[in-house]
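Visitor: got a sequence here, can you model it:
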Amino acid sequence: MADIIRKSFNKHYTCYRFGGDEFFIIGNETDKEKIEYQLRTMTNNLAKMREKGIQLPTVSYGYSIFKGGEKLDFHKTLKEADDQMYHFKRIHKAYAARKAT
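Guide: Okay, the predicted model is just below:
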């Protein structure tokens with residue numbers, strides 16, 4: 001997983017394994033479209049590996065953009081990304097449940 005994540009993001013991002021199955025990808029990009037492009041690259045790379053028969057876990061992600069203008073609150077920024085990730089998980093579960101019926 002770490003290798004796929006690392007290869008999916010360009011030089012403007014640094015990828016960290018936070019622990020267990022959690023990774024942080026930190027960058028200086030503030031353009032939502034560019035961030036989402038990088039995330040799609042990652043999910044596409046994972047899909048390609050799965051097509052080759054490599055079993056990989058599903059991935060949920062969230063992100064937060066700090067645009068400055070106030071003191072950086074890392075915990076607030078992390079919570080925003082975490083909340084978005086859980087929202088993504090709920091949508092994915094609902095979609096999978098509808099698809100299964």
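
Visitor: Arg50 and Leu56 touch, don't they?
Guide: Yes: between Arg50 and Leu56 there is a contact under CB atoms under 8 Å: 5.9 Å. The way it works is simple: take the backbone N, C-alpha and C, and place the C-beta from them, glycine included.

Visitor: how near is the one residue sitting closest to the centre of the chain to Glu70?
Guide: Centroid-nearest residue in the chain, with CA atoms, centre = their mean: Tyr61, separated by 3.4 Å. Distance of Tyr61 to Glu70, computed by CB to CB, to the nearest Å: 25 Å.

Visitor: also Phe24?
Guide: 21 Å.

Visitor: of these two, who's got more company?
Guide: Counted by other CB atoms under 10 Å, Phe24 and Glu70 do not tie: Phe24 has more neighbours, with 12 against 8.

Visitor: quick one: contacts for that one?
Guide: By CB atoms under 8 Å, 6 or more residues apart in numbering, Phe24 lies in contact with 15-16, 18.

Visitor: what's the closest residue to His12 other than its chain neighbours in contact with, if anything?
Guide: In space, and not counting its chain neighbours, His12 is closest to Gly27: 5.1 Å by CB to CB, 6 or more residues apart in numbering. Applying CB under 8 Å, 6+ apart, we find Gly27 in contact with 9, 12-14, 35.
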